[in-house]
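**Q** predicted model, plus sequence, below.
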Amino acid sequence: MKPGFLQRLDLVARGSTPFVLTALLIVMSAIPTRIPEFAHIAPMLPLMAVYHWSIYRPDLLPAWAVFIAGLMQDALVGTPFGVNALVFLAVHMVVLNQQVFFTGKSFAVVWIGFAMVSAAAFILTWALVSGFFGQSTGLMNMFFQYLVTLGTFPVLTWLLMIWQQRMLSQE
Amino acid sequence: MTDRTRVIHSGFAQPGRGVGSRLMYIILVTASFGLLLLGKADPVFMERVRSQISDFATPILDTLSRPISSTEKVISEINLLSDIRTENEKLRVENDLLLQWQSTARKLEVENKQLKGLLNFAPDAEPGFITARVIADTGGAFVRSIIAGAGLRDGASKGQAVVTSEGLVGRVQGVGTRSVRILLITDLNSRIPVIVESSRTRAIMAGDNSDRPKLIHLPPGAVVSPGDRVVTSGHGGAFPPGIQVGRITAVNEKGIMVQPFVQRERIEFVRIVDYGLKGILDAPQKINKAINKAAGAGAKK
């Protein structure tokens, strides 16, 4: 019985890494970099993680985990509670509905997909936060943050891909 | 993508298609909207929840933010070494100047004391400080706030002014046991009563998520010009008067822009200032308490 139990434990541990990595990215995004102007345009790393796992391993990052990740993001960033939860859920939902479109496609397609999905996600965030505060939160910084996020996407996806192949392919 | 990924794909069932998962989405989306409404209806409660979560992440953030600041220190150390000679020359000149100022200040201090004595002037209360390290600079285009590693246990409380040696940083928005969220003066929701130092013109400095907050609600006929210094006025009782805030950079049809003295990326340590002012921020809670007390007394009867 013992090895079986350990094996199962190992599987659970590996299986929880998509959520743990997403949570880690949320915390990491909050670390002060002290680079001038960077804080306002820092890439939305958690959004990429949600997108990535929704495409490749949605079984390991279910809707409730996405919701919790969104709440964590809201708590740390300071956006009204529910905003990022909604945005992350929307991304998760859209990607899952387009599963057929993404499956087995080249990286370029996945990247273009991200460009569209994240643009919608940013606009949704802007609309929700601006609506909540009753005034626009400003578009310029958001646009630059979007560009930086888009540019960072290949690097993070590459890292997540390595993790996925090393840690999650043996199931 | 490689063939390997494709293998991973084919292995699992398609989630998100069943009735159960659709119901899950509906529940979670409703919950999100519910939280948004709750945040609008009871911001104090939601701020407390936020502080609890920040508290939870504080030890991790505290550890992770240390290597960054030490790396940054090494780099700035190297930069300093390379221009130590010019720096030295500059400091010598500055020192001469400051010594002159010092003698002037001493003279004025004595004079001031004597005059205050003549007037029976009641002095301002001496402020208390809490010094804390910035452990999170929660970036993004939507909100401008930072988290510092001091909280209720250190004596921080909501509404206190946060400063560095350069000037005003912002105010305490939420307090946890070991972390505080500081709303920067550039944030969309920041409103600080200020005064233009030279002309004593009162105004409100309103953040708009840009690097240049604007002065609004100036009295009619007020004259301000670029270069004027802006300091806190102390009106409304939230902030002590006289904390330097910034300098007016432009007066045009877009508004009166202020460049804050404090630059966000250079904030490493902050001082949370306790001037013993309770301010307007406490008022609703006090009223609530009073109401509860009255209700309690009524129930007893």
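**A** Here it is on my side, so go on.
**Q** tell me the SS of B:Val223?
**A** At B:Val223 the chain is in coil, as set by DSSP: H, G, I helix; E, B strand; the rest coil.
**Q** now for it, how many residues are close by?
**A** When counting by other Cβ atoms under 10 Å in any protein chain shown, one arrives at 11 neighbours for B:Val223. Placement of C-beta: from N, CA and C, glycine included.
**Q** where does the nearest residue to it once chain neighbours are set aside land in three-state SS?
**A** Once flanking residues are discounted, B:Val223 sits nearest to B:Ser199: 6.1 Å by Cβ to Cβ, 6 or more residues apart in numbering or on different chains. What three-state DSSP gives for B:Ser199 is coil.
**Q** residues contacting B:Val224?
**A** Contacts for B:Val224 were tallied using Cβ atoms under 8 Å, 6 or more residues apart in numbering or on different chains; they are B:196, B:199, B:201, B:215, B:218, B:248, B:251, B:256.
**Q** what's the closest non-adjacent residue to the residue in the stretch 151-300 of chain B that chain A sits nearest to?
**A** Closest contact between the stretch 151-300 of chain B and chain A, by Cβ to the nearest Cβ, is at B:Asn209 (4.2 Å). Closest residue to B:Asn209 apart from its sequence neighbours, by Cβ to Cβ, 6+ apart: A:Gly138 at 4.2 Å.
**Q** show me what contacts the one you found?
**A** Applying Cβ under 8 Å, 6+ apart, we find A:Gly138 in contact with B:141, B:188, B:208-210.
**Q** what of A:Gln73?
**A** Each residue near A:Gln73 by Cβ under 8 Å, 6+ apart is listed here: A:26, A:46, A:79, A:84-85, A:88.
**Q** A:Thr125 now?
**A** A:Thr125 neighbours (Cβ under 8 Å, 6+ apart): A:79, A:83-84, A:87, A:142, B:142.
**Q** would TSV of those with pLDDT and neighbour count be doable?
**A** What follows is the contacts of A:Thr125, written out as TSV (pLDDT from 0 to 100; neighbours: other Cβ atoms under 10 Å in any protein chain shown):
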residue	pLDDT	neighbour count
A:Thr79	91	25
A:Val83	94	28
A:Asn84	95	34
A:Val87	96	28
A:Met142	90	22
B:Phe142	89	28
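**Q** can I get those residues in JSON lines including distance to B:Ser51 and secondary structure?
**A** Converted to JSON lines, the contacts of A:Thr125 look like this (distance: Cβ to Cβ, whole Å; DSSP: H, G, I helix; E, B strand; the rest coil):
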{"residue": "A:Thr79", "distance to B:Ser51": "15", "secondary structure": "coil"}
{"residue": "A:Val83", "distance to B:Ser51": "18", "secondary structure": "helix"}
{"residue": "A:Asn84", "distance to B:Ser51": "18", "secondary structure": "helix"}
{"residue": "A:Val87", "distance to B:Ser51": "23", "secondary structure": "helix"}
{"residue": "A:Met142", "distance to B:Ser51": "26", "secondary structure": "helix"}
{"residue": "B:Phe142", "distance to B:Ser51": "19", "secondary structure": "coil"}
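**Q** ok, the residues you listed vs B:Gln173, which is closest?
**A** A:Thr79 (12.9 Å; Cβ to Cβ).
**Q** where's that closest one relative to chain B, distance?
**A** 6 Å (Cβ to the nearest Cβ, to the nearest Å).
**Q** do I have it right that that residue meets B:Phe142?
**A** Yes. Using Cβ atoms under 8 Å, A:Thr79 is in contact with B:Phe142, at 5.6 Å.
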